[in-house]
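Trainee: requesting a structural model of the entry that follows:
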Amino acid sequence: MEMAGTTRTPEVKIDSSNCSIKGECYPEDISEFSGPVMEALRENLSSSQSFTVTIELYYFNSSSAKFLFDFFEYLDQAGNEKQIRIIWKYRTEDDAMEEAGSEFEEDMENVSFSLEAIN
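Mentor: Predicted structure coming up:
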């Protein structure tokens with residue numbers, strides 16, 4: 001599954017072993033964005049024993065934060081049975097995105113979650 005990024009939504013790529021979300025996330029209708037993403041995640045994760053998620057967001061709003069919470073919660077539950085790695089990329093000067101990644105990481109119990117600074 002591939003969704004092209006727009007000015008309000010990130011680029012999303014999901015296949016049988018990887019998920020990549022990159023860009024800004026503040027869609028007008030979060031369910032219109034999140035529905036297909038979660039469906040593709042469920043489909044691809046079910047056929048995989050090892051899965052890597054790379055997230056590189058530059059901005060997200062409160063409704064997108066709820067989507068991310070649900071997204072990570074789903075991955076964390078799946079981490080009981082599968083090997084899941086999450087990489088949260090943030091720009092070195094972006095303290096808000098670093099902090100957001102740290103907060104999401106605190107809730108993870110069954111996945112490998114790492115923060116990665118990028119230039």
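
Trainee: enumerate every residue touching the residue most central in space within the chain.
Mentor: Most central in the chain under CA atoms, centre = their mean is residue 55, positioned 5.0 Å from the mean C-alpha point. Going by CB atoms under 8 Å, 6 or more residues apart in numbering, residue 55 touches 20-22, 68, 86-89. Using the backbone N, CA and C atoms, a C-beta is placed for each residue, glycine as well.

Trainee: longest strand anywhere in the protein?
Mentor: In the chain, taking DSSP state E as the definition, the longest strand is strand 50-60.

Trainee: and that one, which strands flank it?
Mentor: strand 18-25 (parallel), strand 83-91 (parallel) (DSSP bridges).

Trainee: quick check: next helix or strand after the longest one?
Mentor: If I follow you right, that is strand 83-91. Moving toward the C-terminus from strand 83-91, the next helix or strand (DSSP states H and E) is helix 95-106.

Trainee: which SSE is immediately downstream of that next one?
Mentor: Remark: after helix 95-106, the chain's next helix or strand is strand 112-118, criterion DSSP H and E.

Trainee: residue 41: how many residues sit nearby?
Mentor: 21 (other CB atoms under 10 Å).

Trainee: swap in residue 11?
Mentor: 14.

Trainee: do the same with residue 114
Mentor: If we define neighbours as other CB under 10 Å, then residue 114 has 11 of them.

Trainee: and residue 72, by the same measure?
Mentor: Counted with other CB under 10 Å, residue 72 comes out at 20.

Trainee: so what's the gap between the helix or strand containing it and the chain middle?
Mentor: Using DSSP H and E, residue 72 falls within helix 62-78. When distances are taken as CA atoms, centre = their mean, to the nearest Å, helix 62-78 is centred 8 Å away from the chain's centroid.

Trainee: tilt between it and strand 18-25?
Mentor: 170 degrees (axes from the mean of the first three to the mean of the last three CA atoms, to 10 degrees).

Trainee: dump helix 62-78 to PDB, restricted to CA.
Mentor: This file holds the C-alpha atoms of helix 62-78, laid out as PDB (Å, rounded to 0.1, in the frame of the first residue of the first chain):
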ATOM      1  CA  SER A  62      -4.100  16.500  18.300                       C
ATOM      2  CA  SER A  63      -6.400  14.300  16.200                       C
ATOM      3  CA  SER A  64      -3.300  12.800  14.500                       C
ATOM      4  CA  ALA A  65      -1.800  12.200  18.000                       C
ATOM      5  CA  LYS A  66      -4.800  10.000  18.800                       C
ATOM      6  CA  PHE A  67      -4.300   8.100  15.600                       C
ATOM      7  CA  LEU A  68      -0.600   7.600  16.400                       C
ATOM      8  CA  PHE A  69      -1.500   6.400  19.900                       C
ATOM      9  CA  ASP A  70      -3.900   3.900  18.400                       C
ATOM     10  CA  PHE A  71      -1.300   2.900  15.800                       C
ATOM     11  CA  PHE A  72       1.300   2.300  18.400                       C
ATOM     12  CA  GLU A  73      -1.100   0.500  20.700                       C
ATOM     13  CA  TYR A  74      -1.900  -1.900  17.900                       C
ATOM     14  CA  LEU A  75       1.800  -2.500  17.200                       C
ATOM     15  CA  ASP A  76       2.500  -3.000  20.900                       C
ATOM     16  CA  GLN A  77      -0.200  -5.600  21.200                       C
ATOM     17  CA  ALA A  78       1.100  -7.400  18.100                       C
END
